[in-house]
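Colleague: Okay, here's the prediction I keep looking at, along with the sequence it came from:
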Amino acid sequence: MTEQTTKISVVIITKNEERNIERCLQSISWVDEIVVVDSGSSDRTIEICEKYNCIIVKSAWLGFGRTKKLAVDSATNNWIFSIDSDEEVTEELKRKIQEVLRNPKFNGYRIKRKSFYLERLIKHCGWNTDFPLRLFNRKYGNFNNKEVHESVQIGENVLTIKEHLFHYTYPTIEIHLEKMNRYSTIQAKEMYNSGKSYSVLLSVLFGINKFINMYIFRLGILDGKEGLILCSITSFGVYLKYIKLWKLNNK
């Protein structure tokens with residue numbers, strides 16, 4: 001195997017991530033290259049990235065899928081590890097990735113992610129089955145063009161590794177509510193453009209169903225007060241998505 005095939009580029013997209021980015025960059029300081037696509041940060045994000053010798057690409061916001069694809073296309077190496085600014089590579093995951101790249105047998109690797117909400121580790125709510133595909137050879141796949149909830153599209157030659165990636169999601173309720181409002185608007189527009197339509201009653205029922213699924217069937221009740229808040233706001237976000245779609249269909 002040539003030296004080039006074992007090298008790895010980490011790709012990150014940013015905008016005003018000074019609160020998170022240094023923790024993330026410290027955890028990936030061992031990689032060969034870090035590519036950051038920044039969409040107009042006005043805080044210290046770029047300054048912090050420069051301290052870690054990141055390759056910085058400035059771009060208008062293209063949506064999550066296209067912006068991450070730009071980051072991949074801007075990388076030098078074929079092996080890509082995509083990480084978000086609010087994530088952190090554990091020491092165990094670092095060693096596993098290094099082991100994998102000594103002799104990669106798959107085109108892509110899903111990684112077990114542990115997420116924190118309001119600074120508490122969430123063990124249920126459906127978040128315990130989170131295995132995003134983050135490590136991949138770009139010769140065989142790349143991100144899709146979805147504006148939100150983007151993912152890497154690749155063939156079936158994929159392995160799941162269980163070493164952990166830490167995800168520090170919403171440190172405050174306000175940040176969660178803001179994101180739910182923003183995402184629900186984008187998703188409603190996507191559904192509207194696809195010709196979908198639902199009633200007000202179904203919008204309410206979809207939200208209730210989401211809460212029951214997360215809090216009862218996926219045992220969010222065991223995650224304490226944080227689990228209750230998480231399930232409540234997430235289900236409200238589902239309701240918002242469908243009620244905004246109803247509004248678009250009834251201008």
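Modeller: Structure received.
Colleague: what's the distance between residue 212 and residue 205?
Modeller: For residue 212, the distance to residue 205 (CB to CB, to the nearest Å) stands at 10 Å. C-betas here are computed from N, CA, C, even on glycine.
Colleague: now swap in residue 230 and tell me
Modeller: 20 Å.
Colleague: for the stretch 51-200 of the chain, what spans make up the strands?
Modeller: Taking DSSP state E, counting those that start in this stretch as the test, the strands found in the stretch 51-200 of the chain are 55-58, 79-82, 87-89, 108-117, 120-121, 133-137, 142-143, 152-153, 158-168.
Colleague: Unless I misread the structure, residue 205 falls within a strand.
Modeller: No. Secondary structure of residue 205 (DSSP: H, G, I helix; E, B strand; the rest coil): helix, not part of a strand.
Colleague: per-residue pLDDT, it?
Modeller: Listed pLDDT for residue 205 reads 98.
Colleague: What number of residues are in the vicinity of the nearest residue to residue 248 once chain neighbours are set aside?
Modeller: Spatial nearest neighbour of residue 248, excluding adjacent residues (CB to CB, 6 or more residues apart in numbering): residue 192 at 4.4 Å. Residue 192 is flanked by 16 other residues according to other CB atoms under 10 Å.
Colleague: Enumerate every residue touching residue 192.
Modeller: Neighbouring residues of residue 192 by CB atoms under 8 Å, 6 or more residues apart in numbering: 245, 248, 249.
Colleague: got it, and residue 38?
Modeller: Contacts of residue 38 (CB under 8 Å, 6+ apart): 13, 14, 15, 45, 46, 49, 56, 57, 58, 59.
Colleague: Give me the buried entries from those.
Modeller: 13, 14, 45, 46, 49, 56, 57 (16 or more other CB atoms under 10 Å).
Colleague: got these as JSON lines, with distance to residue 31 and pLDDT columns?
Modeller: Below are the buried ones among the contacts of residue 38 laid out as JSON lines (distance: CB to CB, whole Å; pLDDT from 0 to 100):
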{"residue": "13", "distance to residue 31": "16", "pLDDT": "98"}
{"residue": "14", "distance to residue 31": "17", "pLDDT": "98"}
{"residue": "45", "distance to residue 31": "19", "pLDDT": "98"}
{"residue": "46", "distance to residue 31": "19", "pLDDT": "98"}
{"residue": "49", "distance to residue 31": "14", "pLDDT": "98"}
{"residue": "56", "distance to residue 31": "16", "pLDDT": "98"}
{"residue": "57", "distance to residue 31": "17", "pLDDT": "98"}
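Colleague: Out of those, which sit inside helices?
Modeller: Among those, the members found in helices (DSSP state H) are 45, 46, 49.
Colleague: show me what contacts residue 142?
Modeller: 69, 72, 73, 152, 153.
Colleague: Go ahead and confirm residue 32 touches residue 7.
Modeller: Yes. The pair residue 32 / residue 7 is scored as a contact, 4.4 Å apart, by CB atoms under 8 Å.
Colleague: about what we covered before: make a ChimeraX selection of whichever of the contacts of residue 192 turn out to be buried.
Modeller: Here is the ChimeraX command that selects the buried residues among the contacts of residue 192 (16+ other CB under 10 Å):
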select :245,248
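Colleague: before we move on, the earlier item: identify the farthest-apart pair in the contacts of residue 142.
Modeller: Within the contacts of residue 142, 73 and 153 form the most distant pair, 14.5 Å apart (CB to CB).
Colleague: returning to what we had before: shared neighbours, residue 32 and residue 7?
Modeller: By CB under 8 Å, 6+ apart, the residues touching both residue 32 and residue 7 are 76, 77.
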